[in-house]
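Enquirer: okay, here's the prediction I keep looking at, along with the sequence it came from:
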Amino acid sequence: MTTVKNVNGSSRFSAPSGYNSWLEYWEENTGEKASICGASNCSNGDLVGAHVQKANSTDRSYYITPLCRACNQRTDEFNVYWRFCLIYCGGLPVVEVFQNWTNKKAWNQPV
C-alpha cells in the first residue's frame, strides 16, 4: 500500500495527446484494466485517472492512479492498493511500478 493525497485543482490538466482520459492513459501504459477504485476499503466503479502525490514525502511528483469519483474528491490522506502508477515529471511521463514499496524498480524512460 502507498499513502497518497489528491492533487487539488488537477482537473485543469488535459490527458496527453492520443488519450481520451487519464484513466485510459494509465491503462494503456501499465497494461492493466482498472475495474474498481484503487483506494483501500473502497470497491466502487465509476473510475477516473486521479492525480495524487505521495503523502509524508519530499517527492512532490504527480502520479496517476485509478480512483472512483468519490475518492477523487477526498481531502485526507489515504492508502491505495494499485501497484502501478504513472508519474509525469517535467512534462515527460515515465512508469514506476510499486510491486514492493521498499524495493521498487523505476524505469526512467518515456512511455
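Expert: Structure received. Residues are numbered from 1 along each chain as shown.
Enquirer: now the strands for the protein?
Expert: 2-6, 47-54, 62-68, 78-80, 84-89, 92-97, 105-110 (DSSP state E).
Enquirer: distance from the chain centre to the second one, please.
Expert: Remark: strand 47-54 is offset 4 Å from the chain centroid, using Cα atoms, centre = their mean, to the nearest Å.
Enquirer: what angle separates that strand from strand 62-68?
Expert: 140 degrees (axes from the mean of the first three to the mean of the last three Cα atoms, to 10 degrees).
Enquirer: which residues are contacting strand 47-54?
Expert: Defining contact as Cβ atoms under 8 Å, 6 or more residues apart in numbering, one finds that strand 47-54 is touched by 2-7, 10, 13, 15, 21-26, 34-37, 59-69, 71-72, 80, 85. (C-beta placed from N, C-alpha, C; glycine too.)
Enquirer: emit the ChimeraX select command for whichever of those residues are buried.
Expert: In ChimeraX, this line selects whichever of the contacts of strand 47-54 come out buried by 16 or more other Cβ atoms under 10 Å:
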select :2,4,6,10,22,23,25,26,34,37,62,63,64,65,66,67,68,71,72,80,85
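Enquirer: weakest of the strands of the chain in terms of mean pLDDT?
Expert: Among those, strand 105-110 carries the lowest mean pLDDT, a mean of 32.
Enquirer: was I right about residue 25 contacting residue 13?
Expert: No - judged on Cβ atoms under 8 Å, residue 25 makes no contact with residue 13 at a distance of 10.8 Å.
Enquirer: mean confidence (pLDDT) on stretch 13-26, please.
Expert: Mean predicted confidence for stretch 13-26 is 88.
Enquirer: any idea how far stretch 1-15 is from the chain center?
Expert: 7 Å.
Enquirer: now that stretch - C-alpha only, CSV.
Expert: The C-alpha trace of stretch 1-15 is given here as CSV (Å, rounded to 0.1, in the frame of the first residue of the first chain):
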residue,chain,number,x,y,z
MET,A,1,0.0,0.0,0.0
THR,A,2,1.0,3.6,-0.6
THR,A,3,-0.3,6.6,1.3
VAL,A,4,-1.3,9.4,-1.0
LYS,A,5,-3.3,12.6,-1.2
ASN,A,6,-5.3,14.0,-4.1
VAL,A,7,-3.8,17.0,-6.1
ASN,A,8,-6.1,19.9,-5.7
GLY,A,9,-7.1,21.5,-9.0
SER,A,10,-5.6,18.9,-11.2
SER,A,11,-8.7,18.7,-13.4
ARG,A,12,-7.1,21.6,-15.4
PHE,A,13,-4.5,19.0,-16.8
SER,A,14,-5.7,17.5,-20.1
ALA,A,15,-4.9,13.9,-20.8
